[in-house]
Structures are given as structure tokens and as C-alpha cells.
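Asker: how would this look folded up:
(chains A, B and C)
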Amino acid sequence: MKYAVEVHDAVVLLDRFPALAGLSLRLRTGTVTLVQGPNGAGKTTLLRMLAGLAPLEQGSAIVLGNDVATQQRQVRASVGLLSPQTMLYDDLTIAENLSFWTTLAGYGDVDMGAALERVSMAPFADQQVVTLSTGQRRRAAIAVVAIRRPRLWLLDEPHAGLDQAGRDIVDGLIADAVAAGATVVVASHELDRVRPLASHVATVAGGVVHAFETVGDPGLTVDDDAGGGADSA
Amino acid sequence: MSTTLTRPSSTASEADVASTGSKLTRVLGIASLVGLAVLLLLAFVFTEPDQRVFDRGLDLEPLLTGQGDAVRLLYVHFPVAMVTYTAFSLNAIGSIAVLWKKSMWWDNTAAAAAEVGVLFCGLTLATGSIWGRPIWNTWWKWGDVRLMTTTILFLIFVGYLAYRRTMTDSQVRAKRSAVVGLIGAINIPIVYKSVDWWQNRTLHQQSTLRDRAIEDLTLFSMIFGMVVFLVIFAWLMVHRFRIGWLEHQIETVGLEAAIAERRAQTSAAIEDAVTDSRASAGSGPPPKTGMN
Amino acid sequence: MVATQVLPFAMVILILFGLALDADSRTLRDLAPGLFWVATLFASVLAIQRSVAVETVSSTFEALRLSGAPAWKLFAGKALAVALQLLAIEAVLALGIIVLYRSSFEDPVLVVTAALAATVAIASAGSLYGVLAVGMGVRDTILPMLLLPIMMPVLVGATRAFGDGLGTAALDGWTWTGLLALLAVIYATAGALAYAVVIEDT
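Answerer: Just a heads-up that it's a prediction; the model follows:
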């Protein structure tokens, strides 16, 4: 599959407000795209739409070969969304959360220990989520996303709330994901941190993509036909 | 009676007024008023009160039974009840259509039918209660099948309308209220049957139309009453439907404007973002920009 | 959780009824089926509201949608959880009416069967309405208004069945239990089907 994400003129409404106002975007498989833009630009909504959570009022979006409008379940099952909320049950332990979410998603054999090791949260496996700090919860949430090995990673402000070690973990995970052939989209304000990792940068404002550029060092797999772009008109 | 809304238009000189009135509603409206007047005359002037003489034989005084003047209320109560069931049936059909065909037209119809239905259901309960007071000697009779069912129906659809009010996204609202409306509808026969078993009797009059004792004018007035109220129902439905449809159109027009406004948002902010990204990239290939 | 909040609430209702009605024990015995089920219905509204609220705290509802699990499984999970809580509450209420209202269980099989059927119906309908009452722009305070009128046949059926089972009324409790079973099937099916409608979009 050449393009992991193909969006055409997407309009997404949040309570009658057009968070996305005719957004178009194409992302090649195996790339890392930084989504930047001012607050309220529609970055979070874009990620949620790609995850199949926000319905399209107009336009179309194909994610990993699935149509967001008609194949929501397949879309949701194939992506991994890291959102600002933890998406964990407070009164369960990390291990219980991991177990619940993987079973629900239909994953039989998962190595929870390895997943927790990856985010350095193994010692806290049996602690209730409500007792953890923000950064620790973030790490636990990352583990839940990572354990699914999604083909498309949608990371919304992944570094927020994490200490230096945590941020390095996130960077490492992004690199691992790309090495495994997955596609990564990162919405972030931490431009200094994410730009070096990215192969493309999309600038979003006013609910549309205003600029799409190819960046990063030539060592990253980027074709001469410079990947996806914001279609004009 | 019609509701007028001014559609946003670019030409200020032409006042583009959208109204829910039309030739159809004027005809229906006049028919309703005239019909209602005639019905009231029939009900309260021309028909006889229900006096029956029960001959007890021997030398006992014959007993005057029958409903007396209270029966006049039935000329209104009976048709109003019919309209209620018609309205809620229409809502059920609309709900199915919304879930099956995803039709906003049917959602609008279902909503209009529910509103008109609640109005007529309230009237049914009120007229029924007023009728019941002299007849049953009580305002309310627990265990009367039709009273219980109609009351639950009323509550279900008041809840339906309240629920619709809590949602602003019209697609979401259409689907969810269709679910609520349908479950409400399938409940009705269940409620009816369970109350029927519960009490195994009803104080309600058995089917009036089959009663031989009803004379011609009474029968005619009953049927005429049904026709009149169906006309009133149609009249209200047309207006209410059109109001809903106009609201729907305003939303669509408003959406286009909102999208345009959103896209035009702060070009200054974009400039900042692009400058930031250039600054942190330092030297590099000139950015390829594709504008939407 | 359930034990510390909803259970005591149900018991308090029983006690309040006893105080408010100021009746002799014979009347309370006769009223016990009705009071039992009214208390259960009120408690069920609380239990359902809680079951819905727990998903909104950390956006776990979104995570449930994201998991890609089929809607009917999510429905079954929720309904089962609510049903188990209700059964626990009913068990305590049963003790309550024995102690407070001097009820006696003449036909325990009938009572238990009726309670099971009614509980499935309440939990199913409640879970469906619970999820309808959550999400963008909807408040869960609408839940009782939507749920309780629908529960009217369940209330009628369950109290009649209990009337027979507790020996306070000369009725055919098993016919009523049949109705309850039918309602349980209807709501379980409707819930599983309708859950998909709600899960698909916001």
C-alpha cells in the first residue's frame, strides 16, 4: 500500500463548528509526519478522524485501505491512537488495564511484561492507575497503544507530561515503529524534538492543511516523488 | 397562522421571506375552523344527551341511566384519541425509515409527529378525565387499560421530546431518537396487554360504533368529528414539518458560511507556524507548499 | 462501589416506605412486592448511571469504541455487569422485606425465576438507555425519564409474580414470569442491535 492515509476535502463538525474545513492530505506508508499548527487548528480532530472516531460531514478519508465512513470498525482496529486523555480505568491496575484492552481488541497472546519494560513501568504493573502520576499514566497509556503494534500510529502530544527518560522512550518507539514498516503521525508543539524524527511536516490551521513539506535527512526512506501532499484545489 | 423566517441573502433589496404558509395550509386551516365549528354545534346543540330508560318492571319507577350530557365530550375525546395513535404510529414509521434509509426527511416527520402527538395525547387524557368524573365518579381510574396505556404513551413521548432537545448534531439526534422512539412504540402493545391481564376488565365503554342504541345523528357526529380532527392534525403537521425543514436548511446554509470562516482563520497564525518550522529546520531544501 | 453506595440506598428506600406508610405489618406484607420492585428500579437507575459515568472519566468510552470490538459484546459486558449488581441488591432487599415487612417466600422457585427475568430486562433496557444518554451534549439526568416509563410492564409483571410467590395475592405468577421472560428477550435483543447505532458515531 503506497499511501497509508488519503484524505480529500474532509469536513468534521464538533457540535456544528467545522473543526476540519475541507482538509486534504496524503501520507505514504512508512513515513513519520509531524502535524504542527496553532491551538484550535484542528490537529486533534484530524487524528481522531483518522482513528475513525469523528464522523465526516463531507469529504472522504481512506486509512490503511479502509474507508472511514463505512468501515469504522476496521479502521479503529488497525490504528493506535494516543490521545491527551489516558483512556485507562482508574480503579484497575496497569496490568489489568493491559489485559482488558488487549482481550477486548481480540489479541490473544501478548507479552505484557515486555510491553511494560519498554516504557519502564514494569515495577508499577500492579498499581492502580489512580495512584500514578501524570507521566506514569502517560507511559502506561503508551504501553497500551504499543502492545497492539498498529500499522498507523496517531500520537497526540506524546511528549506532554513526560520526563526526559519518558521522552526518549517515545522517540525510540517512533523509530521502532518506522523500522517495522508502520506509519506515524505526531501532532505536537515540541517542534525541536519531533522535527528531527520526521520525514514530513504538515502545517494545519483553520481546519485545513496549509503547507506540506518534506524534511529530514535523506537517510530516511523518502522517494524522489516527494510523498503525499496537500492537493491544491 | 404561519411562521416566517428571513433567509440570509446577499441582496438586501429583496426581502427573501420563507414562510410555512401556503395554499395547502390555508385550505386545511379553513377546513379545520369550519369543521370544528360545525362539530361543536353538533356536539353541544343538535344531538341529544344520552338518556336511557331502564324499565324495572312492576310498579317501580323507571330508572334514568345513561351518561347524560357527559356523552357530548366523546365527540371530541374519541377523535382526539384516534389522532394521538395516528401521530405516534407516524413517528414509529419515521423512526424505522431513519434507521433504515438514514433519511432526514423522515426524521423531521417523526419529530413533528411526536410533538403533535404529545399535544393530542394530553388532550385525550384531559377530555377523558373530564368525561370520567361524572361517569366513573373519579378523575382517575387505576387499572383502566386504555387510560394506563395512554398515560405511559404520554410519558414515553414527553421523554422522547426532552431527549431530542439534548442533542444538537442533527445526524446523531436523528439516529438516537429513532431508537428511543421505536422502543417506545414496541412497548405500547406490551403495556396494553400487561394492564389488561392485570385488571381483566375495563371501565371504558366498549366499541361505541357497534352499539345499536346509537342513533344516526350521534353516529354521524362521531365520524364527522374524526374527519375534522384528522384535518386539524394534517394542518398542524404541515406547519410543524415545514418549521423543522427550514431549521434544517438554516443549518446547512450556516455550515457553508462557518466552513468559509474557519478556513479564513488567522492567516497571521499560519505565517507564525510556517516561520517557526523554517527556523528550526535551519538550512534545508526549500519547502514545497501545496495550498488548499 | 455498589456495596457502599447503591445497596444502602435501596435499603433506605425500604425503611422510608415503612415509615411513610405508617401501616400495620399486615399491610406492609401485602405491599412488599411493590415496594421491593420500586426500590430495585430506583437502585437500578443509580447503578446504570454509575456504569455509564465510569466510561466518561478517562475517555475509556472512546477507547471502547477504538478497540474495534463488536457492539453487541460491549453491550453484553455492560448489561451483565449491571445485572449482577442488581441481583446483589435484590438479594439484600429480599432479606430486607423478610425482616422489615414480614414477608415469607412461599414459592422460592417462582420468586427467583421472576427476579432473574425481570433483572435481565431491566439491565438490558437500562444499559441501552444508559449509552444513549451519554456522549456529546447529552446529560445522563435524562436517563430516569427515558427508562422508567418503559419499565412499567416489568414493574407490573414482577410485582404480580412476587405477589404470587410471596403468598400475598391469588394470582398466576408463572404467566407473569412468562411476560417478564419475553421482555428480557426483547430488551436483550434490542440492546445488542441498537448498541451498534450508538457506537458507530459519537
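Asker: state the helix or strand in which residue 115 lies.
Answerer: I'll assume chain A. Here A:Ala115 sits within helix A:112-118, counting by DSSP states H and E.
Asker: oops, I was thinking of chain C
Answerer: helix C:108-132.
Asker: so what does that helix touch, helix or strand wise?
Answerer: Counting contacts by 3 or more CB pairs under 8 Å, 6 or more residues apart in numbering or on different chains; DSSP states H and E, helix C:108-132 is packed against helix B:170-199, helix C:25-56, helix C:71-101, helix C:143-150, helix C:152-165, helix C:173-200. (Glycine included, C-beta is placed from N, CA and C.)
Asker: how about the residues of the stretch 101-250 of chain B by chain A?
Answerer: Applying CB under 8 Å from any CB of the partner chain, we find that the stretch 101-250 of chain B lies next to chain A at B:168-169, B:171.
Asker: which of those residues has the largest number of neighbours?
Answerer: Among those, B:Asp169 has the most neighbours (other CB atoms under 10 Å in any protein chain shown), with 20 neighbours.
Asker: the residue in the stretch 51-200 of chain B that chain A sits nearest to and B:Arg262, how far apart?
Answerer: Residue nearest to chain A within the stretch 51-200 of chain B: B:Thr168 (5.7 Å; CB to the nearest CB). To B:Arg262, B:Thr168 is 17 Å away according to CB to CB, to the nearest Å.
Asker: burial check on residue 191, number of neighbours?
Answerer: All of this refers to chain A. Going by other CB under 10 Å, the residues that sit close to A:Leu191 add up to 18.
Asker: if you could check chain C rather than the one you did, that'd help
Answerer: 25.
Asker: cool, and A:Leu14?
Answerer: Using other CB under 10 Å, A:Leu14 has 16 other residues around it.
Asker: just give the closest residue to it, not the sequence neighbours.
Answerer: Using CB to CB, 6 or more residues apart in numbering or on different chains and skipping residues adjacent in sequence, the residue nearest A:Leu14 is A:Thr45, 6.6 Å away.
Asker: please look at that neighbour and A:Ala21 and confirm they touch.
Answerer: No: in this structure A:Thr45 lies outside contact range of A:Ala21 using CB atoms under 8 Å: 10.3 Å.
Asker: more neighbours: which of the two?
Answerer: A:Ala21 (28 against 24).
Asker: for C:Ala169, what are phi and psi?
Answerer: Backbone dihedrals for C:Ala169, given as degrees, to the nearest 10, come out at phi -150, psi 150.
Asker: could I get the pLDDT score of it?
Answerer: You'll see C:Ala169 listed with a pLDDT of 79.
Asker: re earlier: list the buried residues of the helix holding C:Ala115.
Answerer: Neighbour-count burial for helix C:108-132, with 16 or more other CB atoms under 10 Å in any protein chain shown as criterion, is recorded at C:110-111, C:113-132.
Asker: likewise for stretch A:96-110?
Answerer: For stretch A:96-110, by 16+ other CB under 10 Å, it's A:96-98, A:100-102, A:104-105, A:110.
Asker: quick one: distance of that stretch to the chain centre.
Answerer: 19 Å (CA atoms, centre = their mean, to the nearest Å).
Asker: and it, what's its mean pLDDT?
Answerer: For stretch A:96-110, mean pLDDT rounds to 84.
Asker: and it, end to end?
Answerer: With CA to CA, to the nearest Å as the measure, stretch A:96-110 spans 13 Å from end to end.
Asker: what about the closest residue to A:Gly52 other than its chain neighbours, neighbour count?
Answerer: Closest residue in space to A:Gly52, ignoring its immediate chain neighbours: A:Val75 at 3.7 Å, by CB to CB, 6+ apart. Applying other CB under 10 Å, we find 26 residues neighbouring A:Val75.
Asker: what sits against A:Val75?
Answerer: Listed by CB atoms under 8 Å, 6 or more residues apart in numbering or on different chains, the contact set of A:Val75 reads A:50-52, A:63-64, A:66-68.
Asker: which two in these are spaced the farthest apart?
Answerer: Pairwise distances across those peak at 13.9 Å for A:Ala51 and A:Asp67 (criterion: CB to CB).
Asker: of the two, who's got more company?
Answerer: Taking neighbours as other CB under 10 Å, A:Ala51 and A:Asp67 compare with A:Ala51 leading, 25 against 15.
Asker: for stretch A:199-209, measure first residue to last.
Answerer: Stretch A:199-209 has its terminal residues 16 Å apart, counting by CA to CA.
Asker: quick one: mean pLDDT for it?
Answerer: The model assigns stretch A:199-209 a mean pLDDT of 90.
Asker: what's the burial count for the closest residue to A:Leu162 other than its chain neighbours?
Answerer: Counting by CB to CB, 6+ apart, A:Leu162 lies nearest to A:Gly135, which is 5.1 Å off, once chain neighbours are set aside. Residues within reach of A:Gly135, counting by other CB under 10 Å, total 15.
Asker: what does A:Pro38 give?
Answerer: Residues near A:Pro38, counting by other CB under 10 Å, number 19.
Asker: equivalent analysis for A:Gln74, please.
Answerer: When neighbours are counted by other CB under 10 Å, A:Gln74 registers 17.
Asker: hang on, A:Val185 in a strand?
Answerer: Yes: assigned with DSSP: H, G, I helix; E, B strand; the rest coil, A:Val185 falls within a strand.
Asker: how deep is the residue of chain C found nearest chain A tucked in, by neighbour count?
Answerer: Nearest residue of chain C to chain A: C:Gly68, at 3.0 Å (CB to the nearest CB). Neighbours of C:Gly68 under the rule other CB under 10 Å: 19.
Asker: tell me the SS of it?
Answerer: In three-state terms, and counting by three-state DSSP, C:Gly68 is coil.
Asker: list the contacts of it.
Answerer: Listed by CB under 8 Å, 6+ apart, the contact partners of C:Gly68 are A:73-74, A:76-78, A:105-106.
Asker: ranges for the strands of chain B?
Answerer: Along chain B, counting by DSSP state E, strands occupy B:4-6, B:17-19, B:50-54, B:63-68.
Asker: so for the first one, mean pLDDT?
Answerer: In this model, strand B:4-6 carries a mean pLDDT of 46.
Asker: most centrally placed residue in the chain?
Answerer: You didn't say which chain, so I picked chain A. By CA atoms, centre = their mean, chain A has its centre lying nearest to A:Leu154, at 0.9 Å.
Asker: chain B was what I was after
Answerer: Residue closest to the mean C-alpha point of chain B, counted by CA atoms, centre = their mean, is B:Val116 at 2.6 Å.
Asker: that residue and B:Leu236 touch, don't they?
Answerer: Yes: between B:Val116 and B:Leu236 there is a contact under CB under 8 Å: 5.0 Å.
Asker: low-confidence ranges in the stretch 1-150 of chain B?
Answerer: Across the stretch 1-150 of chain B, residues meeting the criterion (pLDDT under 70) sit at B:1-18, B:48, B:50-67, B:143.
Asker: for it, which residue gets nearest to chain C?
Answerer: For the stretch 1-150 of chain B, CB to the nearest CB, closest residue to chain C: B:Leu99, 7.0 Å.
Asker: OK, contacts around that residue?
Answerer: The contact partners of B:Leu99, taken as CB under 8 Å, 6+ apart, are B:175, B:178-179, B:182, C:197.
Asker: okay, those residues in JSON lines with neighbour count next?
Answerer: Below are the contacts of B:Leu99 laid out as JSON lines (neighbours: other CB atoms under 10 Å in any protein chain shown):
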{"residue": "B:Lys175", "neighbour count": "22"}
{"residue": "B:Ala178", "neighbour count": "25"}
{"residue": "B:Val179", "neighbour count": "22"}
{"residue": "B:Leu182", "neighbour count": "20"}
{"residue": "C:Val197", "neighbour count": "18"}
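Asker: can you tell me which of these is nearest B:Thr252?
Answerer: Closest approach between the contacts of B:Leu99 and B:Thr252, by CB to CB: B:Lys175, at 18.2 Å.
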